[in-house]
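# sequence first, then the predicted structure, then my questions.
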Amino acid sequence: MDSRKYLADKLPAILMNLTGMIFLAAFLAVSGTDGYSILFILFVWTVALCCYVATACFLRKKYLDKLLAMTQELEERYLIAEVAAKPERADDAVFIEIMKMAEKSMLEKIARIEKERREYKEYIEQWVHEVKTPIAAMKLLGENNRSDFTRELLAELEHVNHYTEQALYYARSEHTEKDYIIREIDLESVVHGAVADSKYLLRQNGVAILIDEMDACVYTDDKWLRFILNQLIGNAVKYRGEQPALHFYVTGNSTKCGRTFYSCTSSRSESRNRACSIFSCRKADTVSLTVEDNGIGIAKSDLPRIFEKGFTGDNGRRVPSSTGIGLYLCKKLCDKLGIGLAVYSEGQGTKVVLSFHINDFVTEVQG
Amino acid sequence: MKYRILIVEDDKTIQQQLKTLLTGSGYEAEGVTDFTAVVEQVKTYAPHLVLLDIKLPGDDGFAICSQIRAFSDMPIIFVTSSNTDMDELNSIMLGGDAFITKPYNTAILLAKMSALLRRAYASGRQEVLTWNNVSLHLEGSFIEYNGQKAELTKNEVKILYYLFRNVGKICPRNDIIDFLWDSRLYVDDNALSVNMTRIREKLASIGLKEFIQTKHRQGYVIV
């Protein structure tokens, strides 16, 4: 609270007092009181007034500062009316009452919106599950009656599936609850699965696929990871160049399923005690899956913004079907799963690196 | 002997198409028609494997699964459009052997099925395919004719496997490539031509000429 402003607020009262003083002095002078007595009375009045104003200002400032500090500390600031001390002054009580009423109506509104959002999310999930049945039926129909025509249909169907999955994961990513199960998965089979999901799309566009032997195990949710890879494959197809190619490979410490190997190359740390060697490994304790294409790449000036929702940049102007959702979602899901996501592009081609942490605890237990 | 598969799926089209797919892949398949008495139909049909949807009229897939588990250990694959983790956990807890979400990749579905069947019934897989005295050894990856052998690469084995399985039928190049992709071998049209040339050279080296015929603009065939 600003003390000067407070004094300004108190100006009417001070002026009243001054007027009172003048009138009293005039009255006393007229009734024949001597000058010294009048001065003394006025002096006492002024001192009393000053003391009162100063104390009141001090106490008020203390009270309000405390309230302000409390509000700043609160995580949910709108709840201040609930935690504030019971006000002593009548007008404060009214203000607190007003705040409480405002807070209640806001909470009700938030609850209503949250309910609506939850219901909408549930509807989207349900819708996606419903639509998957006809997609599955169409896919089976196409695969049972293979021809060039159905192959094209199947490629389009893979597009449809990409978009429905995107809707599903978008709905899921907006919510804080956990929808995933972390378990040990074999990276290579997830990659093959993701490629299989886009088989016709990749073949239609003549994308050459190269998947190195991986022999790597990570702890994550396979369905989420498959979705992320599918988005990356979709991007590679969308922003393909001539003679498109897609290369998947793994770098970093390789951990085989069921058993863990520290590929610590430093012999120095091995010769020391175990705690030291674990520490030296921990820094490098990531398995990186790289998805590399030879497409049109991403402009350097666009790179910092590619994870922004709705950002399409330079490529968006070249490729009309850019939505700016794919990478945004990938980043969001990766953050939730604790996967590092980095994109590199220099003029031509794009390299997307997904880095998985190897859980120290799990590997310790297995080791 | 053909394995019998029971399809518990309420979507008519999917049921019909799955039947076509499975029959075409060498299984005997039957779809459930009356969803009020699924378990009875399982008992009368006595399948080797059940494909089970979760959302069904009447009892849901979980209930049916636990009822089947009460009297049989047959492999059960959940085939469903719902892919929440709770459903997957439930299906595993109740004794399901696999969980596949729609729209499933048919190659993955067939691979899972054959793996489960092999594990459950431990029958010797047919590892040697023979036609006109030419035998293709899948495990050893070589081809034999009149006592002469030729080693084959992974791609070549798969291509020959596909042709052997469709003896007498013309196999379009695209179908062969599809099959190879399903087997995790990502070859393109040119690579297929290269592979075919090499296969022909190898076949010629063991005295087989004109074993694989090219039908112009249609594909390859073994006759």
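Great, that's in hand. Everything numeric in this text was worked out from a predicted model, so none of it was measured.

# who in the stretch 151-300 of chain A is up against chain B?
Residues of the stretch 151-300 of chain A lying close to chain B by CB under 8 Å from any CB of the partner chain are A:151, A:157, A:161, A:179-181, A:192-193, A:195-197, A:199, A:203, A:206, A:208-211, A:221, A:223. To be clear about C-beta, it is placed using only N, CA and C from the backbone, and glycine gets the same treatment.

# so which of those residues belong to strands?
Among these, the residues falling in strands (DSSP state E) are A:208, A:209, A:210, A:211.

# state the distance from the second one to residue B:197.
It stands for residue A:209. In this view, residue A:209 and residue B:197 are 22 Å apart by CB to CB, to the nearest Å.

# give me the more crowded residue out of these two.
More crowded of residue A:209 and residue B:197, by other CB atoms under 10 Å in any protein chain shown: residue A:209, with 23 against 10.

# quick one, what contacts the more buried one?
A:195, A:202, A:245, A:246, A:248, B:186 (CB atoms under 8 Å, 6 or more residues apart in numbering or on different chains).

# beta partners for the closest residue to the first one other than its chain neighbours?
Taking CB to CB, 6 or more residues apart in numbering or on different chains as the measure, residue A:195 lies nearest to residue A:209, with 5.9 Å between them; neighbours along the chain are not counted. With beta bridges defined as DSSP bridges, residue A:209 has these partners: residue A:246.

# tell me how far residue A:209 lies from residue B:188.
Taking CB to CB, one finds residue A:209 at 9 Å from residue B:188.

# the nearest residue to residue A:45 once chain neighbours are set aside: what secondary structure?
Spatial nearest neighbour of residue A:45, excluding adjacent residues (CB to CB, 6+ apart): residue A:21 at 5.9 Å. Here residue A:21 is helix, with the state taken from DSSP: H, G, I helix; E, B strand; the rest coil.

# tell me, how many residues neighbour residue A:21?
There are 16 residues near residue A:21, going by other CB under 10 Å.

# what's the spacing between stretch A:68-87 and its chain's center?
26 Å (CA atoms, centre = their mean, to the nearest Å).

# please identify the helix or strand for the spatially most central residue of chain B.
Centroid-nearest residue in chain B, with CA atoms, centre = their mean: residue B:110, separated by 3.6 Å. For residue B:110, the host element (DSSP states H and E) is helix B:106-121.

# which parts of that helix are buried?
For helix B:106-121, the neighbour count (16 or more other CB atoms under 10 Å in any protein chain shown) marks B:106, B:107, B:108, B:109, B:110, B:112, B:113, B:114, B:116, B:117 as buried.

# tell me the confidence at the second one?
Reported pLDDT at residue B:107 in the predicted model: 84.

# correct me if wrong: it contacts residue B:180.
No - using CB atoms under 8 Å as the test, residue B:107 is too far from residue B:180 to be in contact (10.5 Å).

# for the residue nearest to residue A:239 when sequence neighbours are not counted, give me its contacts.
Counting by CB to CB, 6+ apart, residue A:239 lies nearest to residue A:295, which is 4.4 Å off, once chain neighbours are set aside. Residue A:295 makes contacts with A:236, A:239, A:240, A:241, A:244, A:348, A:349, A:350, as judged by CB under 8 Å, 6+ apart.
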